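> Provided below for reference: sequence and predicted model.
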Amino acid sequence: MIAYGAGSGHRRAEQRQTPASLGESLTSARRAFRIWRSTRPFWGGLLVIVGASEILVSEQSMLPVVTHIGVQGLAGYLIPTFMLVCGVMLWFSPIAWIYHSLLAILLALGSWITSNFGGFFVGMLIGVVGGALAFAWTTDAEYASPGWLRGKPRIVLPSRGLDLLSRLKGLSPWRSEDHGGPTESPGAAELCAEQAPIAEDNRLSWASTLRLPPTLHRTVRSGAAVSRATAARVSASARKIMASARLILPSVPWNLPAALHDGIRAGAEHRRPTEHRRDFMTVIRPSRL
Amino acid sequence: MAPLGETAPARLGRVRWRRFAYILVPALFLAVLLLSLTTQSVLALSLNISGRPFTVTARVLHGQGFEQFGVLDHSAIHLPGHNNKIALAATAMRSATISNLCQAVNIGGVSMIITAGGGSTPVVAKNLVVYADRFSGNASFKHLTLGQDASTLHEVPGVRGPAGAFALHATSVKITNLQQHAFSTTASSFTLPGFRLRFGGGC
């Protein structure tokens, strides 16, 4: 898990150092917004806010009359107001998105009773869809957790699978000590050394996310020699699995674009590892988001 | 001030569509359940429309605890030809049973029609307050009092007019072929048997 806030701060600092043109700063602002957007349930929150506003607008009334009528009249305003707060909290406190999204759905449903059939059905529907969208938003880190939804977890041997993958790719991202590939580049070596603790920390959660299809898994476990086609299948499915986890480990080099990757391996560019990482972030993110 | 998003490590995420379906389907089921409970008049709703003119028609309205008085509404809305001040008749009923209710509201150019009480069970409304500028129908009152000061009304709890204003009140009222052009409706509870909502058309 990485603090992307820090990442964007990094970029902002960079921006301050070098005077950028209007177009460049616009691009970087767009990118910052995109990062802000994808680190929270943005669309779900937006729909909840829109739905709640629609309900509130549908019953803009003479408040004195409402207060005369009492608690039930006021509930008509309270429920969409709470819903609005939920939508805002989905944006500004994304950590609690499950709580706020479920609450938003329930409040949207409750507005049917209290607030003009939920803003004449429209606001209620938008709110429910928005809440569901926000609920369905998950970070990559959390996604592996609901194992009970997907049946029993399979026992996998990640080291073997990764070993095979590493042999196929000619690199070993997990342990810097048995780095078999060419590591002439000081940048690459440093990069690997820096990654090692992250990799160690994530080994367990990584193992739980690495779920090869059973047939492939058996092949990998047996350690038998495999055909080129099987190796390609293992590689493809392992890559797919890793794609879901690659943002947990952002600096793992298989995410790098081919040219940059080859550059590091060949030691053509002697840059500081942080520069590599920044390259990775700027190059990977836009395509990913 | 540091943005809230940066107090905790923010993480990238995306929408999992299967998870979306898992939560949306039961939520929509609940919405349909609410709708059908409303149609069977098990559930009472609270209504609170204002700010835009709408028409209400009903074949028969029986009201218990009726009061009516005039108000000059300092409306926030600007209507053509209304000069920002509308003289409205406030009609309040403690409880009312309405058969063949039809309510047409204009929402952003599209008229939305709510009909209810078409069958044998009528609509029941509690603490119904309607602010209307046109009001027509054949009314018959019981124990009608005319010319009472609007500030001393007591038929509907909490609803009183300005002091010195003309008001009338009655213990019960029956209005047939009711038609009103209203600006605001509130009802603390509304049961709507045979509830139907449609867009477009008229009453």
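Thanks, I have the structure now.
> chain B: strands as residue ranges?
B:13-15, B:44-74, B:85-99, B:101-107, B:110-116, B:123-142, B:145-149, B:166-191, B:196-199 (DSSP state E).
> again, but for the stretch 1-150 of chain A
In the stretch 1-150 of chain A, the strands defined using DSSP state E, counting those that start in this stretch lie at A:137-139.
> got a list of what B:Arg198 touches?
B:Met112, B:Ile113, B:Thr115 (Cβ atoms under 8 Å, 6 or more residues apart in numbering or on different chains). All C-beta spots, glycine's among them, are computed from the backbone N, C-alpha and C.
> for the first one, which non-adjacent residue is spatially closest?
Residue nearest to B:Met112 in three dimensions, not counting chain neighbours: B:Val105, with 5.0 Å by Cβ to Cβ, 6 or more residues apart in numbering or on different chains.
> ok, that neighbour to A:Ser58 distance?
Counting by Cβ to Cβ, to the nearest Å, the gap between B:Val105 and A:Ser58 amounts to 9 Å.
> what touches both of those two?
Joint contacts of B:Val105 and A:Ser58 (Cβ under 8 Å, 6+ apart) are A:Phe120, B:Ile49.
> of those two, which one has the most company?
A:Ser58 (26 against 20; other Cβ atoms under 10 Å in any protein chain shown).
> quick revisit: is the residue nearest to B:Met112 bridged to anything, and to what?
Here B:Val105 sits in beta bridges with B:Phe54, B:Met112, as judged by DSSP bridges.
> repeat that for B:Val123.
B:Ile98.
> same thing with B:Ser184?
Going by DSSP bridges, B:Ser184 forms beta bridges with B:Ser50, B:Tyr131.
> do I have it right that it meets B:Val105?
No: in this structure, B:Ser184 is not within contact of B:Val105 by Cβ atoms under 8 Å, at 11.5 Å.
> and for the two, which residues touch both?
Counting by Cβ under 8 Å, 6+ apart, the residues touching both B:Ser184 and B:Val105 are B:Ile49.
> and chain A, what are its domain boundaries?
A:4-39, A:42-136, A:147-288 (automatic domain parsing).
> returning to that earlier point: between the strands of chain B, which gets nearest to A:Glu54?
strand B:101-107 (9.6 Å; Cβ to Cβ).
> packing partners of that closest one?
strand B:44-74, strand B:110-116 (3 or more Cβ pairs under 8 Å, 6 or more residues apart in numbering or on different chains; DSSP states H and E).
> from B:Val32, how far off is A:Trp43?
24 Å.
> pick out whichever of the two has more residues nearby.
Counting neighbours by other Cβ under 10 Å for A:Trp43 and for B:Val32 shows that A:Trp43 has the greater number, 16 against 10.
> low-confidence stretches in chain B?
Along chain B, the parts satisfying pLDDT under 70 run over B:1-11, B:51-52, B:72-86, B:108.
> ok so, going back, okay if I get the helices and strands packed on strand B:101-107 as a markdown table plus mean neighbour count?
Shown next, in a markdown table, are the helices and strands packed on strand B:101-107 (neighbours: other Cβ atoms under 10 Å in any protein chain shown):
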| stretch | mean neighbour count |
| --- | --- |
| strand B:44-74 | 20 |
| strand B:110-116 | 19 |
